[in-house]
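Turn this into a model:
(chains A, B, C and D)
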Protein chains: 2
Amino acid sequence: MKGTLPAATVERLPRYLRCLEMLAPSRVTISSKELARLSNLNAAGVRKDLSYLGSFGMRGVGYHVDELAARIRRTLGMTEDRTVVVIGIGNLGSALANYGGFGNRGFRIVGLYDADPAKVGRKAGGITIRPIERLAKDAETTDIAVGIIATPAKAAQGVAALLSEAGVPSILNFAPTVLNVPDGIHLRQVDVATELQILGFYMAGRNRTGGASHPDDPG
Amino acid sequence: MKGTLPAATVERLPRYLRCLEMLAPSRVTISSKELARLSNLNAAGVRKDLSYLGSFGMRGVGYHVDELAARIRRTLGMTEDRTVVVIGIGNLGSALANYGGFGNRGFRIVGLYDADPAKVGRKAGGITIRPIERLAKDAETTDIAVGIIATPAKAAQGVAALLSEAGVPSILNFAPTVLNVPDGIHLRQVDVATELQILGFYMAGRNRTGGASHPDDPG
DNA sequence: TAGATTGTTAATCGATTAACAATC
DNA sequence: TAGATTGTTAATCGATTAACAATC
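As a prediction, this is how the structure comes out:
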């Protein structure tokens, strides 16, 4: 049943979970065919993805919704308590601090940091903003699983280095810049401008590349 | 030289552009090897990607930085003027309205909409918030290239339908839900919770999958 | 000429999906 | 039993990358 999961499978698991959570609570089972329809994916692909989580589907019936959701949550580590810090409390950082969607996914914000003395001491989402200089020391006593970078682009690489040195194993970068991190640090990037530019290609595509269509939206 | 571009290539072009923009202005040329290093990709892959934009590299020298940047911009439609509306002006919507990074990438916010009468009439990023009911009518007179959904999850599917019916060809969805849109509508998804869950897998991976490492972060 | 680097080929790798035996 | 659906195989498809002739 196990080993490692293909990267593409890992990136689809959150989407399956979203679909399961949208089902009526009375719903007991779901087939790969219907889950594929809900998630805009292929039924054979859904079955292959789920097969990495074990062999627990019922032939002729489908998958037990609760069990499937539980297996996805466990695989993604959502049953653990994950600590998060946000660095850079501007518009976006504040939005993240106020976002309620972390808790029910196993993530908990334990610190907000900013380099601007005018912001330090103020609160966002009920948490007091601390000076960025404190991050390294705080990391010694508090385990930090993820650092979210929401600073301006120019500051992002420095913050990434700071987080890496402090032993934070995962970084989610919202700053519009390419980051370099040491081997072994997990990095993901969320970039509005990049997404718009990709959409821009497919829009422009209509008068340049003839039949170019967009791929299934990933994740 | 041309036809359509592989989806994976399109998704890397914004990253190349970011790297080029980080170079010193005095920099005249760059080799595929250095661009690969800066963007954390493979040099052969960089050359293959760029070959879709034409054959303009100089053997023994590299690529002319300005020409390369210009070709990427043109391919992504950044030389055109693209109109954007944002629906849902909460924390995130406000952050988007105030984000300065659109203009220099060819995107211009022409409308903000919200369903909450208390928000209508207020401003964000210098633009007055209009009632969501006005969107369809506004779309008749103003060309809208992209609709950004920043509403709560529950409202997102309805807004997506509204945008599609109004003839908006591209949607960027920030709401934490899976959307279904008609064929031909370009949809991309930005989802913090999903990104965290993917990171969560690789964190948990350390005590489950043995040697599982994360893939190169995409885009 | 010698060194560097492109553009492209071909091999490899990984992801997707149709098909179907197994089985509920 | 008949119908439905899984789990898996094998074919296909697309993406990545090493290698190298072409050439600046």
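
now the helices for chain A?
Taking DSSP state H to define them, one finds helices in chain A at A:7-22, A:32-39, A:43-51, A:65-75, A:91-98, A:135-141, A:153-165, A:192-204.

The closest residue to A:Ala115 other than its chain neighbours and A:Thr177: what is the separation?
The shortest distance from A:Ala115 to any non-neighbouring residue, by CB to CB, 6 or more residues apart in numbering or on different chains, is to A:Ile132 (4.7 Å). (Each C-beta comes from the backbone N, C-alpha and C, glycine too.) A:Ile132 is 17 Å from A:Thr177, where distance means CB to CB, to the nearest Å.

Repeat that for A:Ser31.
44 Å.

who's more crowded, these two?
A:Thr177 (20 against 17; other CB atoms under 10 Å in any protein chain shown).

My guess is that one contacts A:Gln157. True?
Yes. Judged on CB atoms under 8 Å, A:Thr177 makes contact with A:Gln157 at a distance of 6.9 Å.

how about A:Gly45, what does it touch?
Taking CB atoms under 8 Å, 6 or more residues apart in numbering or on different chains, we find A:Gly45 in contact with A:Ala36.

just the one 5 residues further on next, same as before
The contact partners of A:Leu50, taken as CB under 8 Å, 6+ apart, are A:Tyr16, A:Ser32, A:Gly57, A:Tyr63, A:Leu68.

of all those, which comes closest to DNA strand D?
Among the contacts of A:Leu50, A:Gly57 lies closest to DNA strand D (CB to the nearest atom of the strand), at 2.6 Å.

is it true that the closest one touches A:Arg47?
Yes. Using CB under 8 Å, A:Gly57 is in contact with A:Arg47, at 7.4 Å.

what residues are shared contacts of these two?
A:Ser32.

Looking at those two, which has the bigger crowd around it?
Legend: neighbour count by other CB under 10 Å for A:Gly57 and A:Arg47, higher for A:Gly57 (20 against 16).

For the more buried one, give its distance to A:Asp66.
According to CB to CB, A:Gly57 and A:Asp66 sit 14 Å apart.

Next: A:Ile129.
Taking CB to CB, one finds A:Ile129 at 40 Å from A:Asp66.

repeat for A:Ser31
With CB to CB as the criterion, A:Ser31 and A:Asp66 are 15 Å apart.

ok so, going back, to B:Thr141, which of the helices of chain A lies closest?
When the helices of chain A are compared by CB to CB, helix A:192-204 sits nearest B:Thr141, at 19.8 Å.

what angle sits between the closest one and helix B:91-98?
Relative orientation of helix A:192-204 versus helix B:91-98 (axes from the mean of the first three to the mean of the last three CA atoms, to 10 degrees): 70 degrees.

Can you list the neighbours in contact with helix A:192-204?
Residues outside helix A:192-204 that contact it (CB under 8 Å, 6+ apart): A:176, A:212-214, B:5, B:10-11, B:13-15, B:17, B:75-78, B:80, B:82, B:84, B:96, B:99, B:101-102, B:105-107, B:145-146, B:169-170, B:172, B:186, B:188, B:190, B:219.

Would it count as contacting DNA strand D?
No. Using CB under 7 Å from any atom of the strand, helix A:192-204 never reaches DNA strand D; the gap is at least 13.1 Å.

Alpha carbons of that helix, as CSV, please.
Taking Å, rounded to 0.1, in the frame of the first residue of the first chain, the C-alpha atoms of helix A:192-204 are listed here in CSV:
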residue,chain,number,x,y,z
VAL,A,192,-0.9,36.8,-7.7
ALA,A,193,1.1,38.4,-10.4
THR,A,194,2.3,35.1,-11.7
GLU,A,195,-1.2,33.7,-11.8
LEU,A,196,-2.4,36.7,-13.7
GLN,A,197,0.4,36.4,-16.2
ILE,A,198,-0.4,32.8,-16.8
LEU,A,199,-4.0,33.7,-17.4
GLY,A,200,-2.7,36.5,-19.6
PHE,A,201,-1.0,34.0,-21.9
TYR,A,202,-4.2,32.0,-22.5
MET,A,203,-6.2,35.2,-23.1
ALA,A,204,-3.6,36.5,-25.6
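
how far out from the middle of the chain is it?
Chain-centre distance of helix A:192-204: 21 Å, with CA atoms, centre = their mean, to the nearest Å.

And stretch A:132-146, by the same measure?
Offset of stretch A:132-146 from its chain centre (CA atoms, centre = their mean): 21 Å.

Now it: buried residues?
For stretch A:132-146, burial by neighbour count (16 or more other CB atoms under 10 Å in any protein chain shown) applies to A:Ile132, A:Leu135, A:Ala139, A:Ile144, A:Ala145, A:Val146.
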